[in-house]
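> Provide a 3D model corresponding to the input given below.
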Amino acid sequence: MKHSYQKPRKITLLLNNNIDLISHIEQLSMLKSVLYIGSSNDELFSLYQKDFKQISCISYNQVNQYLGQEIQGLIFNASGNFDVNSFAAISGCLIGGGELLLILPESFSSIINNTSLQEIPSQILSPLLVRLVNKILQQPHMQSNMQSNNNDKKTLADKNEELEINIDPQLTEQQQTIDKIKRCVLGHAKRPLVITADRGRGKSAAIGIAVADLIYENNKHFIITSPRKQNTHIFFQHFEQQYYKQLQGKKKNIIPYFPPDQLLDNEHKTDCLIIDEASAIPIQLLEKIISKYNRIIFSTTINGYEGNGNGFNLRLLPLLQKIFPQYKQTTLKTPLRWVINDPLEHAINSAFLLNSNEKTLLSITSTTKPLNSKKLHYKMLSQQMLLNNEDLLSQIFALLIEAHYQTRPSDLERILADDSIKVFVAMNNDEVIAASLIATEGKLSPNHCEKIVNSELRLSGHLLPQSLMAHQGHVQAGELLFWRVMRIAVRASFQRKNIGSQLIQFINQTAVKNHVDIVGTSFSISADILEFWYQLKFNCSRIALRKDSSTGSYPTEFFKLINQNNSTAKKCVKDFLHNFQQSFAYLLTAHYKKLPASNLTQILDYQLDYSTINLSTFQMIEVNHYLKKHRSLEMVEWTLNQYVLRRFKSNSEELNNDIRELLIAKTLQNKSWQSIVDEFNFNGKKEAKEAVRLAVQQLKVIN
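Numbers count the residues shown, from 1 in each chain. Just a heads-up that it's a prediction; the model follows:
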């Protein structure tokens with residue numbers, strides 16, 4: 001490895017009205033790379049753009065464009081809104097020896113030294129900012145600079161020189177990882193390498209350097225994928241530095257990037273596939289991707305804003321064990337970008353509970369008590385209870401990080417500060433074994449409802465009522481009160497024990513007491529999740545027409561009528577179900593054509609009933625002609641479509657899953673014969689056609 005910034009990162013806290021603020025910024029501006037993050041309409045933003053042109057000024061929503069870069073100075077303006085996701089993300093770009101200047105609201109002057117999180121004044125909107133400041137002030141030798149600038153006389157030229165000190169670690173973790181990557185690519189096939197690390201440990205740099213050497217020395221070809229292209233910035237940076245240093249006039253080798261879902265659409269020839277931030281890719285999508293390649297490098301962050309924590313171990317590693325039992329795993333623990341026990345890293349992880357999944361789950365696992373049904377209890381927690389109980393809060397957030405790859409610091413912020421969020425838990429004695437976050441939605445004004453239906457307005461939040469209004473056109477849906485299940489997680493050791501279902505039932509019971517009209521949820525479609533919600537008597541109201549870019553699957557919305565006494569709610573639910581049934585059969589041949597047939601059998605079995613379809617005598621004769629091979633399927637496909645819809649549900653239990661899925665794929669989704677051959681592993685179209693004919697025959701015999 002080329003360099004390691006083995007120095008702590010300095011933290012300076014200044015109030016927005018501090019007279020030393022500008023002079024401190026002037027000092028920082030002398031560094032080579034300084035980034036200011038704030039709201040584009042605040043006064044400091046305009047000032048820096050005008051008077052400090054050497055400082056790059058960006059707004060919170062531009063942070064992703066800078067991930068992967070290394071900066072020496074970071075100015076983060078938290079004096080207005082505190083965008084915790086942006087802060088957690090960009091802080092990882094600050095190198096050891098660099099300095100963070102955190103600008104705080106004036107209201108922090110009264111609490112900065114002696115107030116805990118439980119005593120936040122009502123005018124302070126961000127409990128996570130308070131947590132962060134408290135954790136920073138708890139660092140050894142930390143000086144807040146709240147009232148005056150520090151007296152550090154060292155020149156910025158000296159600081160620049162210090163930041164450029166290179167350390168050659170020789171046989172470090174990073175060098176060992178580079179060697180393991182090379183062995184994975186050059187050694188036996190079907191032995192993927194999994195590289196896990198927290199942020200700043202150099203995993204992307206190690207992969208970039210190893211790939212450059214492999215291309216130059218062995219003429220290997222690679223492709224790379226990641227949830228977002230920005231995730232690969234450091235990889236490409238180190239690859240180019242190492243590769244172009246060796247190039248010496250030879251032909252350049254470009255490594256193509258593909259989004260995860262595009263790896264399924266086409267065949268891509270490569271010697272090795274690199275999957276960066278693998279834990280943020282849905283497991284269903286990963287399973288399909290890795291089945292196509294036999295040499296793979298996985299890289300993932302185990303903690304931090306983009307990590308998936310223990311969920312990576314729980315989901316991906318068992319999958320690898322099944323497909324590639326000889327896979328290898330390595331972990332980078334030593335920071336490359338800053339010193340061990342860096343005070344900023346410790347404060348951020350502690351304040352935002354970014355490492356709670358590792359610490360909390362390990363401690364809980366070692367002391368887990370046997371499940372006692374008599375002591376198992378369910379409850380709704382208030383924000384004050386969570387503010388007062390750090391252990392309880394840590395357990396809940398650890399579960400959410402473990403179960404949901406999209407869990408971010410802003411979710412913790414909402415839990416502690418957003419009155420529309422409700423937290424439900426299942427407790428085994430004093431241990432949290434399941435948790436759910438509920439968003440309160442709806443109760444919109446008639447004026448807002450009209451505008452939403454007419455596509456003139458889109459409100460933040462209110463996902464379910466707005467979706468029902470926009471896609472079903474039912475203007476009164478927005479006036480109803482909804483509870484939406486945002487997250488539900490059950491500890492791995494307690495799964496398959498009906499605890500998640502009981503927690504949802506408790507939520508439904510509590511919803512009745514709170515006069516909620518509808519409880520619903522939105523999730524990426526999959527067989528086990530569909531089964532879960534159908535067993536709880538929820539119904540599907542919508543399947544999105546396009547895949548979600550972050551999950552690679554189709555968002556699906558489910559709901560259940562709670563308030564049986566609200567005639568408006570009952571009418572809306574009846575209309576939703578009717579509209580879904582009316583459109584479903586047509587959409588099977590259009591937008592739902594790529595949906596797995598296994599998912600569609602569940603929807604047909606549990607929810608939809610086409611038994612009222614009437615087939616004429618002529619149509620039944622045509623079906624018989626098809627079965628006797630007097631007609632091809634194409635000659636009677638519309639009749640077969642109606643015939644299968646009419647008879648499918650009443651006979652679903654007598655047909656095995658393969659036959660049911662084959663009938664749906666060909667007669668309802670109208671997939672091409674080649675797609676049927678590929679999907680069901682037939683030896684050709686002739687065999688596929690005969691199998692479909694026999695499947696229809698079984699449906700007729702049963703009838």
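> quick one: the strands in the stretch 151-300 of the chain?
193-197, 222-225, 272-276, 296-301 (DSSP state E, counting those that start in this stretch).
> and T334, which of those strands is closest to it?
strand 193-197 (9.3 Å; CB to CB). Yep, even glycine has a C-beta here, placed from its N, CA and C like the rest.
> each with direction, which strands does that closest one pair with?
strand 296-301 (parallel), strand 328-332 (parallel) (DSSP bridges).
> make TSV out of the ones you listed and add mean pLDDT.
Shown next, in TSV, are the strands paired with strand 193-197 (pLDDT from 0 to 100):
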stretch	mean pLDDT
strand 296-301	89
strand 328-332	91
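> helix, strand or coil for the spatially closest residue to A426 that is not a sequence neighbour?
Leaving out its chain neighbours, the residue that sits closest to A426 by CB to CB, 6 or more residues apart in numbering is A434, at 3.8 Å. When classified by DSSP: H, G, I helix; E, B strand; the rest coil, A434 comes out as strand.
> can you check the one 10 residues further on too?
Here L444 is recorded as coil under three-state DSSP.
> quick one, what contacts it?
452, 459, 462, 465, 478-479 (CB atoms under 8 Å, 6 or more residues apart in numbering).
> same deal with R631?
622, 625.
> let's see 6 Å
H625 (CB atoms under 6 Å, 6 or more residues apart in numbering).
> before we move on, what about L412?
Here L412 is in contact with F397 (CB under 6 Å, 6+ apart).
> for I421, see how far away it is.
11 Å (CB to CB, to the nearest Å).
> low-confidence ranges, the stretch 51-200 of the chain, go.
Along the stretch 51-200 of the chain, the model assigns pLDDT under 70 to residues 51-53, 68, 110-125, 141-171.
> which stretches in it count as helices?
Assigned by DSSP state H, counting those that start in this stretch, the stretch 51-200 of the chain shows helices spanning 84-90, 127-137, 156-163, 173-186.
> which elements pack onto the first one?
Taking 3 or more CB pairs under 6 Å, 6 or more residues apart in numbering; DSSP states H and E as the contact definition, the neighbouring helices and strands of helix 84-90 are helix 409-417.
> stretch 537-557: how far from the chain's middle?
Chain-centre distance of stretch 537-557: 15 Å, with CA atoms, centre = their mean, to the nearest Å.
> ditto for stretch 388-395
For stretch 388-395, the distance to the chain centre is 23 Å (CA atoms, centre = their mean).
> can I get that stretch in CSV, CA atoms only?
Presented in CSV, the C-alpha positions along stretch 388-395 are these (Å, rounded to 0.1, in the frame of the first residue of the first chain):
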residue,chain,number,x,y,z
ASN,A,388,-34.2,7.3,28.9
ASN,A,389,-33.0,3.8,28.1
GLU,A,390,-29.8,3.5,25.9
ASP,A,391,-29.7,-0.3,26.2
LEU,A,392,-33.2,-0.6,24.9
LEU,A,393,-32.6,1.8,22.1
SER,A,394,-29.4,0.0,21.1
GLN,A,395,-31.1,-3.4,21.0
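> check which residues of it are buried.
392-395 (16 or more other CB atoms under 10 Å).
> what's the answer for stretch 505-512, then?
Buried residues in stretch 505-512 (16+ other CB under 10 Å): 506-508, 510-511.
> contacts for that stretch, please.
Here stretch 505-512 has contacts from 378, 380, 424, 483, 519, 562, using CB under 6 Å, 6+ apart.
> which of the residues you listed count as buried?
Using 16+ other CB under 10 Å, the buried ones in the contacts of stretch 505-512 are 378, 424, 483, 519, 562.
> reformat these as JSON lines; add secondary structure and pLDDT.
Below are those laid out as JSON lines (DSSP: H, G, I helix; E, B strand; the rest coil; pLDDT from 0 to 100):
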{"residue": "Y378", "secondary structure": "strand", "pLDDT": "95"}
{"residue": "F424", "secondary structure": "strand", "pLDDT": "98"}
{"residue": "W483", "secondary structure": "strand", "pLDDT": "98"}
{"residue": "V519", "secondary structure": "strand", "pLDDT": "98"}
{"residue": "I562", "secondary structure": "coil", "pLDDT": "97"}
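> can you redo those as JSON lines with distance to M30?
Shown next, in JSON lines, are the buried ones among the contacts of stretch 505-512 (distance: CB to CB, whole Å):
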{"residue": "Y378", "distance to M30": "58"}
{"residue": "F424", "distance to M30": "52"}
{"residue": "W483", "distance to M30": "54"}
{"residue": "V519", "distance to M30": "57"}
{"residue": "I562", "distance to M30": "61"}
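> what is the nearest of the residues you listed to I296?
F424 (38.6 Å).
> please name the bridge partners of that closest one.
Beta bridges link F424 to M380, S436, judged by DSSP bridges.
> might one say that it is in contact with S436?
Yes: judged on CB atoms under 6 Å, F424 makes contact with S436 at a distance of 4.6 Å.
> ranges for the helices of the stretch 601-703 of the chain?
Under the criterion DSSP H, counting those that start in this stretch, helices of the stretch 601-703 of the chain are mapped to 617-627, 637-648, 657-663, 673-680, 685-702.
> so which elements touch the first one?
What it means is helix 617-627. helix 637-648.
> contacts for the helix it packs on next, please.
604, 610, 613, 619, 622-623, 663, 667, 699, 703.
> tell me the span between the first and last residue of stretch 540-556.
End-to-end distance for stretch 540-556: 7 Å, by CA to CA, to the nearest Å.
> number of residues surrounding L13?
Applying other CB atoms under 10 Å, we find 22 residues neighbouring L13.
> just confirm it is within a helix.
No: L13: not assigned to a helix; according to three-state DSSP it is strand.
> could you check how far the closest residue to A569 other than its chain neighbours is from L481?
Distances taken as CB to CB, 6+ apart put D517 closest to A569, at 4.1 Å, once the chain neighbours are dropped. D517 is 5 Å from L481, where distance means CB to CB.
> more neighbours, these two?
D517 (26 against 19).
> the more buried one and N563 touch, don't they?
Yes: the criterion here is CB under 6 Å, and D517 meets it with N563 at 4.4 Å.
> now the common contact residues for the two.
A569.
> wait, V453 sits on H474?
No: using CB under 6 Å as the test, V453 is too far from H474 to be in contact (8.0 Å).
> circling back to that earlier point, most neighbours out of the contacts of L444, which is it?
Busiest of the contacts of L444 [other CB under 10 Å] is P465, holding 30 neighbours.
> how far off centre is the lengthiest helix in the chain?
The residue-count maximum for a helix in the chain (DSSP state H) belongs to helix 567-588. Put simply, helix 567-588 sits 30 Å off its chain's centre (CA atoms, centre = their mean).
> which parts of the stretch 351-500 of the chain are strands?
376-381, 421-428, 431-442, 481-490.
> possible to save the ones you listed as CSV with distance to L101?
Shown next, in CSV, are the strands of the stretch 351-500 of the chain (distance: least, CB to CB, whole Å):
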stretch, distance to L101
strand 376-381, 36
strand 421-428, 32
strand 431-442, 34
strand 481-490, 34
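> L336: which of these is closest?
Judging those by CB to CB, what sits closest to L336 is strand 481-490, at 32.2 Å.
> so how far is that closest one off the chain centroid?
Using CA atoms, centre = their mean, the offset of strand 481-490 from its chain centre is 16 Å.
> what strands flank that strand, and is each parallel or antiparallel?
With DSSP bridges as the test, strand 481-490 pairs up with strand 431-442 (antiparallel), strand 518-524 (parallel).
> of all those strands, which lies closest to L263?
strand 518-524 (17.6 Å).
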